[in-house]
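**Student:** task: produce atomic coordinates for the following.
(chains A and B)
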Amino acid sequence: MHPAPSVIIFTALSGLGFGLFMWLGLGAPDVYGMQAFGMFFIAYAFAVGGLLASVFHLANKKNAIYSFSQWQTSWLSREGVLSVITLLVFAVFAIGRIFVGVSLDFFGYAGSALALLTVFSTSMIYTQLKTVPRWNMPLTPVLFLLYAISGGALLSMQPRVAGVLIVVLSALQWAGWMMGDARFAQTGTTKGTATGLADRGRVRMFESAHTARNYVLDEMAYRIGRKHAQKLRLIAITLIGVVPALLLLVAPPSMPLAIVALVLHLAGLLTARWLFFAEAEHVVTTYYAHD
Amino acid sequence: MTKLPTETQKKLGLVIDLDTCVGCHGCVTACKGWNTQNYGAPLSDVDAYGADPEGTFLNRVFNYEIAPHDGGPSQTVHFPKSCLHCEDAPCVTVCPTGASYKRVSDGIVLVNEDRCMGCGLCAWACPYGARELDAVAGVMKKCTLCVDRIYNENLPEEDRVPACVRTCPAGARHFGDLGDPDSEVSKLVAERGGIDLMPEQGTKPVNKYLPPRPRDTLDKTPPAALETVAEEATGFLAWLDKALERL
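**Tutor:** Numbers count the residues shown, from 1 in each chain, chains lettered A, B, ... in the order given. Now for the predicted structure:
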């Protein structure tokens, strides 16, 4: 799949933002006044920034408002609705903590649950697609949620919690890549099933339907990422988990180290998210593949 | 809206005969023509006469080769591909705006361009590559089964079929109600063993493909191979041949 910067930024940043909201709603860190303002500012910047980035993915932005309407069937619509509700619930909680000095715990806990639901909905936009077998597995939402809460723990400056979470995340991300590699073959889709002619012999491409590129090929037949996939996976896992975990769990706790860990983790997250799209194979490519 | 109807009154669709299709791309051209000049945003072309042309099409013809498992001669199959108007259309349920819908009255899957925000998720959800986002209009385009022809009383009756069906010179495309077991298309599917594309995706396509008929076989033994007429090389070429053998 085409790794459009807008969707990479959308999923990565909004995930981090809602992950931070999740922790803030639970009172970790337990901050008030200006400190709370700083924390909520970061959370809103990431969450809203990510959501705005997703708008740049739209070819017909003027109809974006309708995307709140189909929450009964569409995960993309649910994600939109849930993110707005979450941001509003946290507005009440944040005003209480920043300006009044009270913790409206009900709004905090409800907001934390909603933040997780929002990230889950984001992940389901991709997980639901049977056409992209690499995404269509139960581990995909687990990974999105883990990215959000471990990134959120890093942003909320909880080094020990974040350290443990990113170790778990790294292990599961590696497992996800391995499982993802086998997914396409598991679906059983071949040129034989795509054309329905499998029982007549081996089907191979004789001539494509078009000589030039088209939307389907541009969007769903992206191949560039596969060449260096293994190297990029190693780079990503080093940045997401290995180095930050050492900095957070082994080295003595310090603010500068935590910030270095956060920056490395963000770079790793963006690399992994780029791979998430670039490596994903769509079943429509069986109609086009020269094999 | 994007909830799929549990049942549609009709299941209008196409039956495409892979035995008869000659791969002329006439249906592709007729489709592009009709759907550019009539309902909805035109099917645009970008850089049409330049180095990197790209355009929106709702129907495209692939060519495949089948090599039989028994080692017999290969067979070429021309393979037109457009929206299959699936009963369980994944492109409809993923749509966040309600632009994609499946009609209860006839089962046609359509896009309301006044609601489409061009996110492209429906194209990702379709296993068949049947949806293309128009680069100029920014809205999703797909086969409408020529909804503006089939019910159009301003057209002569013989023209009230999809443009691809009307234009096909080989008679390889058939249009009708696949929900009615007594319709001509349903009988054709039953008689010829119509097939679904990618059944493992669970989309339940309405459009069916008729597989190529078995090839003719000879009822007598084929003639013996011709006698060899090439002569053994002599002179310099014979020497060269021997010398190269020895190397």
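
**Student:** need the helices for chain B, in chain order.
**Tutor:** All helices of chain B, identified by DSSP state H, fall at B:26-37, B:90-93, B:121-125, B:147-150, B:163-167, B:184-192, B:235-246.

**Student:** chain A: which of these is closest?
**Tutor:** Nearest to chain A, of all the helices of chain B, is helix B:90-93, at 4.6 Å by CB to the nearest CB. C-beta here means a position set from N, CA and C on the backbone, and glycine is covered the same way.

**Student:** separation between the residue nearest to residue B:55 when sequence neighbours are not counted and residue A:278?
**Tutor:** Of all residues not flanking residue B:55 in the chain, residue B:45 sits nearest, at 3.9 Å (CB to CB, 6 or more residues apart in numbering or on different chains). Applying CB to CB, to the nearest Å, the value for residue B:45 to residue A:278 is 28 Å.

**Student:** of those two, which one has the most company?
**Tutor:** Between residue B:45 and residue A:278, counted using other CB atoms under 10 Å in any protein chain shown, the more crowded position is residue A:278 (20 against 17).

**Student:** what kind of secondary structure is the residue of chain A found nearest chain B in?
**Tutor:** Taking CB to the nearest CB, chain B has its nearest neighbour within chain A at residue A:59, 2.8 Å off. Using DSSP: H, G, I helix; E, B strand; the rest coil, the structure places residue A:59 in coil.

**Student:** just the pLDDT at it, thanks.
**Tutor:** Each residue has a pLDDT score; the one for residue A:59 is 95.

**Student:** ok, residue A:224 next?
**Tutor:** pLDDT, residue A:224: 70.

**Student:** list the contacts for the closest residue to it other than its chain neighbours?
**Tutor:** Take residue A:224 and drop its neighbours on the chain: the residue closest to it by CB to CB, 6+ apart is residue A:278, 6.7 Å away. Residues in contact with residue A:278 (CB atoms under 8 Å, 6 or more residues apart in numbering or on different chains) are A:1, A:3, A:222, A:224-226, A:229.

**Student:** among the residues you listed, which are in helices?
**Tutor:** Among the contacts of residue A:278, the residues falling in helices (DSSP H) are residue A:229.

**Student:** neighbour-wise, which of the contacts of residue A:278 leads?
**Tutor:** Ranked by neighbour count (other CB under 10 Å), these have residue A:1 at the top, with 23 neighbours.

**Student:** low-confidence ranges, chain B, go.
**Tutor:** Where chain B drops to pLDDT under 70, the residues are B:1.

**Student:** just grab the bridge partners of the residue most central in space within it for me.
**Tutor:** Nearest residue to the geometric centre of chain B (CA atoms, centre = their mean): residue B:81, 1.9 Å. On the basis of DSSP bridges, residue B:81 is bridged to residue B:60.

**Student:** that older thread, right, and the residue of chain A closest to chain B touches residue B:141 too?
**Tutor:** No. Counting by CB atoms under 8 Å, residue A:59 stays clear of residue B:141, with 11.3 Å between them.

**Student:** what is in contact with those two at once?
**Tutor:** Common contacts of residue A:59 and residue B:141 (CB under 8 Å, 6+ apart): residue B:133.

**Student:** looking at the two, which is more packed in?
**Tutor:** Between residue A:59 and residue B:141, residue B:141 has the larger neighbour count (other CB under 10 Å), namely 25 against 18.

**Student:** wait, doesn't the more buried one sit right on residue B:55?
**Tutor:** No. Using CB under 8 Å, residue B:141 is not in contact with residue B:55, being 10.6 Å away.

**Student:** who's in contact with the closest residue to residue B:86 other than its chain neighbours?
**Tutor:** Sequence neighbours aside, residue B:203 is the residue nearest to residue B:86 in space, at 4.0 Å (criterion: CB to CB, 6+ apart). By CB under 8 Å, 6+ apart, the residues touching residue B:203 are B:84, B:86-90, B:127.

**Student:** any idea how far the host helix or strand of residue A:147 is from the middle of the chain?
**Tutor:** Assigned by DSSP states H and E, residue A:147 belongs to helix A:139-155. In terms of CA atoms, centre = their mean, to the nearest Å, the gap separating the centre of helix A:139-155 from the centre of its chain is 8 Å.

**Student:** and that helix, does that touch chain B?
**Tutor:** No. Applying CB under 8 Å from any CB of the partner chain, one finds helix A:139-155 out of contact with chain B, separated by at least 14.3 Å.

**Student:** that helix: what's the following helix or strand?
**Tutor:** According to DSSP H and E, the helix or strand after helix A:139-155 is helix A:159-187.

**Student:** is chain B within reach of that next one?
**Tutor:** Yes. Against chain B, helix A:159-187 shows contacts by CB under 8 Å from any CB at residue A:187.

**Student:** show me which residues of the stretch 1-150 of chain A sit near chain B.
**Tutor:** Residues of the stretch 1-150 of chain A lying close to chain B (CB under 8 Å from any CB) are A:1, A:57-64, A:66-70, A:72-77, A:80, A:125, A:128-132.

**Student:** ok so, going back, same question for the helix holding residue A:147, mean pLDDT?
**Tutor:** For helix A:139-155, the mean pLDDT works out to 97.

**Student:** take it, keep the C-alpha atoms, and write them as PDB.
**Tutor:** Coordinates of each C-alpha in helix A:139-155 appear next as PDB, following Å, rounded to 0.1, in the frame of the first residue of the first chain:
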ATOM      1  CA  LEU A 139      -2.400  -8.400  16.600                       C
ATOM      2  CA  THR A 140      -2.900  -5.200  14.600                       C
ATOM      3  CA  PRO A 141      -5.200  -3.500  17.200                       C
ATOM      4  CA  VAL A 142      -3.000  -4.800  20.100                       C
ATOM      5  CA  LEU A 143       0.000  -3.100  18.500                       C
ATOM      6  CA  PHE A 144      -1.800   0.200  17.800                       C
ATOM      7  CA  LEU A 145      -2.900   0.300  21.500                       C
ATOM      8  CA  LEU A 146       0.500  -0.600  22.800                       C
ATOM      9  CA  TYR A 147       2.200   2.000  20.600                       C
ATOM     10  CA  ALA A 148      -0.300   4.600  22.000                       C
ATOM     11  CA  ILE A 149       0.100   3.700  25.700                       C
ATOM     12  CA  SER A 150       3.900   3.200  25.600                       C
ATOM     13  CA  GLY A 151       4.400   6.500  23.700                       C
ATOM     14  CA  GLY A 152       1.900   8.200  26.100                       C
ATOM     15  CA  ALA A 153       4.000   6.900  29.100                       C
ATOM     16  CA  LEU A 154       7.100   8.300  27.500                       C
ATOM     17  CA  LEU A 155       5.400  11.700  26.900                       C
END
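
**Student:** skipping its backbone neighbours, what lies nearest residue A:193 in space?
**Tutor:** In this structure, residue A:193 finds its nearest non-sequential neighbour in residue B:198, 5.5 Å apart by CB to CB, 6+ apart.

**Student:** hmm, back to that, helices - which of the residues of the stretch 1-150 of chain A next to chain B land there?
**Tutor:** Per DSSP H, these map to helices at A:75-77, A:80, A:125.

**Student:** which neighbours do residue B:141 and residue B:55 share?
**Tutor:** Common contacts of residue B:141 and residue B:55 (CB under 8 Å, 6+ apart): residue B:43.

**Student:** show me what contacts the residue in chain B positioned nearest to chain A?
**Tutor:** Chain A sits closest to residue B:118 of chain B, with a gap of 2.8 Å, by CB to the nearest CB. Residues near residue B:118 by CB under 8 Å, 6+ apart: A:58-61, A:63, B:133, B:138-140.

**Student:** the residues you listed: which two are farthest apart?
**Tutor:** The largest distance within the contacts of residue B:118, taken as CB to CB, falls between A:61 and B:140 and amounts to 14.4 Å.

**Student:** between the two, who's got more neighbours?
**Tutor:** Legend: neighbour count by other CB under 10 Å for residue A:61 and residue B:140, higher for residue B:140 (28 against 13).
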